[in-house]
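In: Starting from these lines, generate the structure:
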Amino acid sequence: MGDVIIETENLTKRFRSVTAVDRLNLNIERGEIFGLVGPDGAGKTTTIRLLAAIMNPTEGRATVAGYDTVKEAEEIKKLIGYMPQRFSLYGDLSVMENLHFFADIFEVRGTEREGRIRTLLRFSRLEEFQGRRADHLSGGMQKKLALACTLVHKPQILFLDEPTTGVDPISRREFWDILSDLHLEGVTLLVSTPYMDEAERCSRVGLMFEGKMIVCDQPEKVKGLVRGEVIELRPQPLSKAWEIIEGWEGALDVRVYGGLLHVFVEDGEKGMRQLETLLASHGVTVEGVRQIRPRMEEAFVSLIRQASWQAKEEREDEER
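Out: Residues are numbered from 1 along each chain as shown. As a prediction, the model looks like this:
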């Protein structure tokens, strides 16, 4: 174990009858990019708010950079940057005025302020837009400005809650290039994201479901938890092939991706032969059959489904 910078012990948050975070035990090392993924309502935002010392837990405890999130919240706030899903930029202020405003909030003054703002403008690629009002920036530029404002006091740790939601793919890639540069500088990042390609860029990924952390590991190891092997094929007609495979006892699962089907089977080599024979017997033509590695999205859906079944069985047992 390296230098742990974020640690939780049975961290729990309840809102009346709803348990948003349920006995979370988590260690994040200094310099990691830690991805938090899960369906809506899984507890990702509440977890980030607890760690950012914005709300107190119902039970359990958390420390950030050695400080207790309840007893030493003010010390934590000096060390972190927090970018919520809806970051409050001031639309009638320019890029430069927003940066100066947040520098005032964080008490960054004098020559340090000027140098820091110049660096952030260059870093976020907003130099030529510094006089433009925030309301007149594109969605991607607003996200980059929000990140620049979050970084104005040089935080050691960044908490980012779905920072790229609602922006175009190019802006998402540019934003992650900036995060990668911060990672190289040694900043610790905790990022919640609904995008599985972003999850794959993290050092480790934690998958949350109904307030619990059900898996926490490196992306490749998470993908390795998917049951069975995956066969990719392009059948014609697609809908007929899907119906046939859905009713085939050899299929553990089947998913549609555009004109492709991904079929989960116990044995890839044997499954490919059986599938081609099965589909040919029903007059379905097949192109490009191959065995592939599961995607993060497929691992995510599969693990959530397993957790959902398990939770349902536990509830039924309690009711008996």
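In: Every contact and neighbour count from this point should use C-alpha atoms.
Out: OK.
In: Contacts for stretch 84-91 next, please.
Out: The set of residues external to stretch 84-91 that reach it, using CA atoms under 8 Å, 6 or more residues apart in numbering, is 98, 133, 134, 135, 136, 146, 160, 161, 162, 163, 165.
In: Test my guess that the third one contacts residue 92.
Out: Yes: Residue 134 sits in contact with residue 92 when judged by CA atoms under 8 Å, with a separation of 6.6 Å.
In: Those two: who's more crowded?
Out: For the pair residue 134 and residue 92, the greater number of neighbours falls to residue 134 (24 against 13), based on other CA atoms under 10 Å.
In: about what we covered before: could you tell me which of the contacts of stretch 84-91 belong to helices?
Out: Among the contacts of stretch 84-91, the residues falling in helices (DSSP state H) are 98, 146.
In: Can I get the contacts of stretch 84-91 in TSV including distance to residue 193?
Out: Conversion of the contacts of stretch 84-91 to TSV gives the following (distance: CA to CA, whole Å):
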residue	distance to residue 193
98	25
133	28
134	24
135	24
136	26
146	17
160	9
161	7
162	5
163	7
165	8
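In: What ranges does the stretch 51-200 of the chain have for its strands?
Out: Listed in chain order, the strands found in the stretch 51-200 of the chain under DSSP state E, counting those that start in this stretch are 59-64, 67-68, 80-83, 157-161, 188-192.
In: Generate JSON lines for the ones you listed, with mean pLDDT as supplementary columns.
Out: Formatted as JSON lines, the strands of the stretch 51-200 of the chain follow (pLDDT from 0 to 100):
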{"stretch": "strand 59-64", "mean pLDDT": "97"}
{"stretch": "strand 67-68", "mean pLDDT": "97"}
{"stretch": "strand 80-83", "mean pLDDT": "95"}
{"stretch": "strand 157-161", "mean pLDDT": "97"}
{"stretch": "strand 188-192", "mean pLDDT": "97"}
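In: Minimum distance to residue 291: which of those strands has it?
Out: Minimum separation from residue 291 across these (CA to CA) falls at strand 188-192, 30.6 Å.
In: Can you give the contact residues for that closest one?
Out: 29-37, 44-45, 156-163, 183.
In: what's the spacing between it and its chain's center?
Out: Its chain's average C-alpha position is 8 Å from that of strand 188-192, according to CA atoms, centre = their mean, to the nearest Å.
In: strand partners of that strand, parallel vs antiparallel please.
Out: Here strand 188-192 is paired, per DSSP bridges, with strand 33-37 (parallel), strand 157-161 (parallel).
In: Not counting its own residues, what contacts the first one?
Out: Right, the one you point to is strand 33-37. Applying CA under 8 Å, 6+ apart, the external contacts of strand 33-37 come out as 28, 44, 183, 188-194, 199, 202-208.
In: which helices and strands does the longest helix along the chain pack with?
Out: When the chain is parsed with DSSP H, its longest helix is helix 296-319. Other helices and strands packing on helix 296-319, by 3 or more CA pairs under 8 Å, 6 or more residues apart in numbering; DSSP states H and E, are helix 196-199, strand 204-209, helix 219-223.
In: just to revisit the earlier point, would you mind giving me the PyMOL syntax to select the buried ones in the contacts of strand 188-192?
Out: Here is the PyMOL command that selects the buried residues among the contacts of strand 188-192 (16 or more other CA atoms under 10 Å):
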select buried, resi 29+30+31+32+33+34+35+36+37+44+45+156+157+158+159+160+161+162+163
